[in-house]
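In: Need the 3D shape of this:
(chains A and B)
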Amino acid sequence: QKEVEQDPGPLSVPEGAIVSLNCTYSNSAFQYFMWYRQYSRKGPELLMYTYSSGNKEDGRFTAQVDKSSKYISLFIRDSQPSDSATYLCAMSVGASGGSYIPTFGRGTSLIVHP
Amino acid sequence: DSGVTQTPKHLITATGQRVTLRCSPRSGDLSVYWYQQSLDQGLQFLIQYYNGEERAKGNILERFSAQQFPDLHSELNLSSLELGDSALYFCASSVVLGAGRMNTEAFFGQGTRLTVV
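Out: Just a heads-up that it's a prediction; the model follows:
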């Protein structure tokens, strides 16, 4: 079993829909949770970052962490065709010496059609 | 633009050859990470350097090596290349703050697409 599981999709939705993207994980030591967006042939771009459990909102994006269920979600409201990309979750335990190693899910491909 | 620069963008080479991928981190970032991304494996961590020293190793093959230079740029060397090494190679950098404060945001370059034929 991989440490971070993410459904590769593709997930196809109409413009304006609310999108829910999810990851599950097995390592209970994970404390930092991130979502990256990756457009085709580009590098991953950090979207959201949360520490421990709870919700965090940034514009149309909401990140949610449920550590008891080892489950994280990213919600996108009023989805736009420009949101079409691959979304990767990442998480880390943090480490001594002020460094960390993010472990990534395989990414979910999202297609928002007009 | 993340501020992380990777060269070259594309590389085509034959099996058995050796290549060097280069990464310049964001200004002020001391930590550099290398990742390999393939369709079947996703984004796999290879190795991390911090201020010139190797800090952590992931799933890096013995045929691969890396280093970080005094000006903080990093190079990933891939040798005895095989068809299965064809992938996107990403470099990321992050700020490492003082004791007790960890910055977990990593900024990625645009990647080098390696094709081994």
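In: Direction included, what does the helix or strand bottoming out on mean pLDDT in chain A pair against?
Out: Sorted by mean pLDDT, DSSP states H and E, the helices and strands of chain A end with strand A:45-51, the least confident at a mean of 87. Sheet pairing of strand A:45-51 (DSSP bridges) gives strand A:32-38 (antiparallel).
In: Alpha carbons of the partner strand, as CSV, please.
Out: Output in CSV follows, covering the C-alpha atoms of strand A:32-38 (Å, rounded to 0.1, in the frame of the first residue of the first chain):
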residue,chain,number,x,y,z
TYR,A,32,1.7,19.2,7.0
PHE,A,33,-0.7,18.9,4.1
MET,A,34,-0.4,20.5,0.7
TRP,A,35,-2.2,20.7,-2.6
TYR,A,36,-0.4,21.4,-5.8
ARG,A,37,-1.8,22.1,-9.3
GLN,A,38,0.1,20.9,-12.3
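In: Which residue comes closest to residue 12 once chain neighbours are left out?
Out: Using chain A. Counting by Cβ to Cβ, 6 or more residues apart in numbering or on different chains, A:Ile111 is the residue found nearest to A:Ser12 once chain neighbours are left out, at 4.5 Å. Where you see a C-beta, it was placed from the backbone N, CA and C, and this is true even at glycine.
In: hm, I was asking about chain B
Out: Spatially, and ignoring its direct neighbours in sequence, B:Ile12 is nearest to B:Thr115 (4.7 Å; Cβ to Cβ, 6+ apart).
In: that older thread, and the next element down the chain from the least confident helix or strand of chain A?
Out: strand A:54-58 (DSSP states H and E).
In: and that following strand, which strands flank it?
Out: Going by DSSP bridges, the partners of strand A:54-58 are strand A:61-66 (antiparallel).
In: Can you list the buried residues in the strand it pairs with?
Out: A:61-65 (16 or more other Cβ atoms under 10 Å in any protein chain shown).
In: Report pLDDT for A:Asp7.
Out: Listed pLDDT for A:Asp7 reads 91.
In: now the closest residue in space to it that isn't next to it in sequence: how far from chain B?
Out: Distances taken as Cβ to Cβ, 6+ apart put A:Thr108 closest to A:Asp7, at 5.8 Å, once the chain neighbours are dropped. Taking Cβ to the nearest Cβ, to the nearest Å as the measure, A:Thr108 falls 11 Å from chain B.
In: One more: A:Ile18?
Out: In terms of Cβ to the nearest Cβ, A:Ile18 sits 26 Å off from chain B.
In: Phi and psi next, for the closest residue to that residue other than its chain neighbours.
Out: Nearest non-adjacent residue to A:Ile18, counting by Cβ to Cβ, 6+ apart: A:Arg77, 5.5 Å away. Reported as degrees, to the nearest 10, the phi and psi values for A:Arg77 are phi -90, psi 150.
In: in stretch B:56-66, what counts as buried?
Out: By neighbour count on 16+ other Cβ under 10 Å, the buried set for stretch B:56-66 is B:56, B:60, B:64, B:66.
In: Those: which ones sit near chain A?
Out: Here is what survives when these are matched to chain A using Cβ under 8 Å from any Cβ of the partner chain: B:Ala56.
In: Among the buried residues of stretch B:56-66, which one lies nearest to B:Asp85?
Out: Checking those against B:Asp85 by Cβ to Cβ gives B:Phe64 as the nearest, at 8.5 Å.
In: circling back to that earlier point, unless I'm mixing things up, the residue nearest to A:Ile18 is touching A:Arg60, no?
Out: Yes: the criterion here is Cβ atoms under 8 Å, and A:Arg77 meets it with A:Arg60 at 4.7 Å.
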